[in-house]
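Novice: just need the structure, nothing else, for what follows:
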Amino acid sequence: MNVVIISKEKYEEMVGKLNLLSDRVNEIIGRREKGKLSRWMDNQDVCQQLRISPRTLQTLRDNGTLAYSQIGHKIFYKPEDVQSIVRLVEDRRKDAAWRGRTI
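Specialist: So this is what the prediction gives:
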């Protein structure tokens, strides 16, 4: 077993930083519970709402049609941005149906 000895000042500094981190985490959790962070949609939510495939969603991101934010490997969308392209997706679907294709 290894033992590490630190000064009282360094210990109190470390405890203070951990308390700040704990406060920040609690603040983020509180905001999520108030709905500020829960408003974001993920890929599955968007695909279900727009009735499109994940590949079509990728195309919408690639060509700049749909704005998104990425945290790590997870992609998020604002519901208002998704709503703004509902008509575009529906128009494409109608056009494809008129031409005898499916989207």
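Novice: ok, residue 58 - how many residues close by?
Specialist: Taking other CB atoms under 10 Å as the criterion, the count of residues near residue 58 is 14. For the C-beta atoms, the positions are set from N, CA and C on the backbone; glycine is no exception.
Novice: local confidence estimate at it?
Specialist: Looking at residue 58, its pLDDT reads 96.
Novice: so it: helix, strand or coil?
Specialist: Reduced to three states with DSSP: H, G, I helix; E, B strand; the rest coil, the structure at residue 58 is helix.
Novice: also residue 97?
Specialist: Residue 97 ends up helix, using three-state DSSP.
Novice: same check on residue 93?
Specialist: helix.
Novice: please name the bridge partners of the residue nearest in space to the middle of the chain.
Specialist: Central residue of the chain (CA atoms, centre = their mean): residue 76, 2.6 Å from the mean position. Beta-bridge pairing for residue 76 (DSSP bridges): residue 69.
Novice: any idea how far it is from residue 8?
Specialist: In this structure, residue 76 and residue 8 are separated by 44 Å, where distance is defined by CB to CB, to the nearest Å.
Novice: same deal with residue 66?
Specialist: With distances taken as CB to CB, residue 66 is found 54 Å from residue 8.
Novice: now do residue 2
Specialist: As for residue 2, its distance to residue 8 is 20 Å (criterion: CB to CB).
Novice: between these two, who's got more neighbours?
Specialist: Each of residue 2 and residue 8 has its neighbours counted (other CB under 10 Å); residue 8 has more, 7 against 3.
Novice: what is the longest helix of this protein by residue count?
Specialist: In terms of residue count, the longest helix belonging to the chain (DSSP state H) is helix 8-33.
Novice: downstream of that helix, the next helix or strand is which one?
Specialist: The first helix or strand that comes after helix 8-33 along the chain, using DSSP states H and E, is helix 43-50.
Novice: which helices and strands sit right next to that next one?
Specialist: On a contact count with 3 or more CB pairs under 8 Å, 6 or more residues apart in numbering; DSSP states H and E, helix 43-50 meets helix 54-62, helix 79-84, helix 86-98.
Novice: buried sites along that helix?
Specialist: Judged by neighbour count (16 or more other CB atoms under 10 Å), helix 43-50 contains these buried residues: 43, 46-47, 50.
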